[in-house]
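A.B. asks: fold the following and give me the result.
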Amino acid sequence: MKLLFALFPLFVWGLPNSVAAQVRDGISTGKDVVYGEDGVDVLYSHTSGIHLIAHSQGAGIGAHYGWFLNAKTSRSINADLVYFKHEKEEKTSNPVYNDGLPYVFGKLNSFLVFRINTETRKELTPKLRQGAVRVERIFRYGIGLGLEKPVYLEIGYPEIPYEYLATELYNPDEHFYNDIYGRSPWVNGLDEMNVIPGGNLNYALSFEYGDVRGMTRHVEMGTSLDVFVRPVEIMAVQFVESQLFFLSLYLKIGLGANWTQK
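C.D. replies: Prediction:
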C-alpha cells in the first residue's frame with residue numbers, strides 16, 4: 001500500500017507540464033459555465049487517479065491509469081489491493097493477561113486480494129453547470145491473486161499462570177482460549193503466504209464532483225465479485241465453510257487528473 005501512495009505524484013500531481021489547452025478568445029463555452037473560467041476548452045487524452053476502498057468485508061487501496069477513447073468514454077488499467085475478513089470474525093482477548101494483542105479465535109489465515117483489471121468508463125450525465133455532478137458507468141474485469149497468509153499466535157505454557165510464551169502457527173485442534181496469550185505480529189507468516197489465482201468482475205456508478213478543470217474528485221458505489229480456483233480458508237473449517245467466491249458491495253473515494261498528452 002505504501003508503494004501506491006508513493007506513486008500519487010505520478011498519477012495525480014505530476015501532470016501539469018503535459019496539459020495542453022485550446023484557447024477560444026472572447027467565446028464562452030459550456031466548460032466555462034461549469035468551471036467558472038473564460039475561454040478555455042480541453043480535449044483530454046489521458047486519465048489517472050488513486051482511491052481508497054471501503055467494502056462490506058474489509059477495505060483497500062488502488063490506482064488507475066488510462067486514456068480516452070472519445071469525449072465520453074475512457075479505458076484504463078486498474079490495480080487494487082483489498083483486505084477481506086470473514087463475517088464471523090470477532091476479536092477476543094486473554095481474560096487474565098491484558099497485555100496480549102486481541103485475536104480472532106478460529107481465524108486460520110489473513111486474506112488479501114491483488115486485482116489487475118481492465119476498466120471502461122462511460123459518461124451517463126455530463127456536468128451542465130458549476131457545482132454539478134458528472135455520472136459515469138464503470139465496468140471492470142480481470143485477474144485477482146488471492147494472498148492467504150497464515151495466522152500466528154503467542155501460546156502460553158504450560159497453563160495459566162504461564163511460565164513462558166511461544167510464537168506458533170495457529171492450530172484449531174491444539175490451541176484453545178486458555179492456551180492463547182494473544183496474537184503475534186502480523187509479519188509472522190509472510191514467508192509462508194499462499195497465492196490463489198482467480199478472477200474479478202466489477203460494476204459501479206461514479207459521481208465526479210471536482211470543481212477544478214483537469215482535476216477530479218469522485219465517489220464510486222458498486223458491487224464486486226471475486227472468484228478463485230480453490231476455496232479460501234479464512235476461518236478454520238471446524239468453525240465455518242471455506243469460500244470459493246466473495247461478493248461485496250463497496251464505496252470508493254478517489255482523486256485523479258485528466259490531461260492531454262503532447
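A.B. asks: can you pull the contacts of residue 246?
C.D. replies: If you count contacts by CB atoms under 8 Å, 6 or more residues apart in numbering, residue 246 has them with 57, 84, 113, 225, 226, 232. The C-beta positions use only the backbone N, C-alpha and C, and glycine is treated the same way.
A.B. asks: give me the beta-bridge partners of it?
C.D. replies: For residue 246, the beta-bridge partners are residue 226 (DSSP bridges).
A.B. asks: now residue 254
C.D. replies: When bridges are called by DSSP bridges, residue 254 pairs up with residue 51, residue 218.
A.B. asks: quickly check the contacts of residue 246 for the two that are furthest apart.
C.D. replies: Farthest pair in the contacts of residue 246 (CB to CB) is 225 and 232. Separation: 13.8 Å.
A.B. asks: those two: who's more crowded?
C.D. replies: Under the neighbour definition other CB atoms under 10 Å, residue 225 and residue 232 were set side by side, and residue 232 has more, 21 against 15.
A.B. asks: which strand or helix spans the nearest residue to residue 256 once chain neighbours are set aside?
C.D. replies: Spatial nearest neighbour of residue 256, chain neighbours left out: residue 49 (2.4 Å); criterion: CB to CB, 6 or more residues apart in numbering. Secondary-structure element containing residue 49, defined by DSSP states H and E: strand 46-55.
A.B. asks: give me the mean pLDDT for that strand.
C.D. replies: Across strand 46-55, the average pLDDT comes to 97.
A.B. asks: and it, how far from the chain's centre?
C.D. replies: Centre-to-centre, strand 46-55 and its host chain are 8 Å apart (CA atoms, centre = their mean, to the nearest Å).
A.B. asks: who touches the residue nearest to residue 256 in this structure?
C.D. replies: Residues in contact with residue 49, defined by CB under 8 Å, 6+ apart, are 11, 12, 63, 64, 216, 218, 254, 255, 256, 257.
A.B. asks: in the stretch 1-150 of the chain, which spans are strands?
C.D. replies: 22-23, 40-41, 46-55, 58-68, 73-84, 91-92, 103-104, 109-125, 134-150 (DSSP state E, counting those that start in this stretch).
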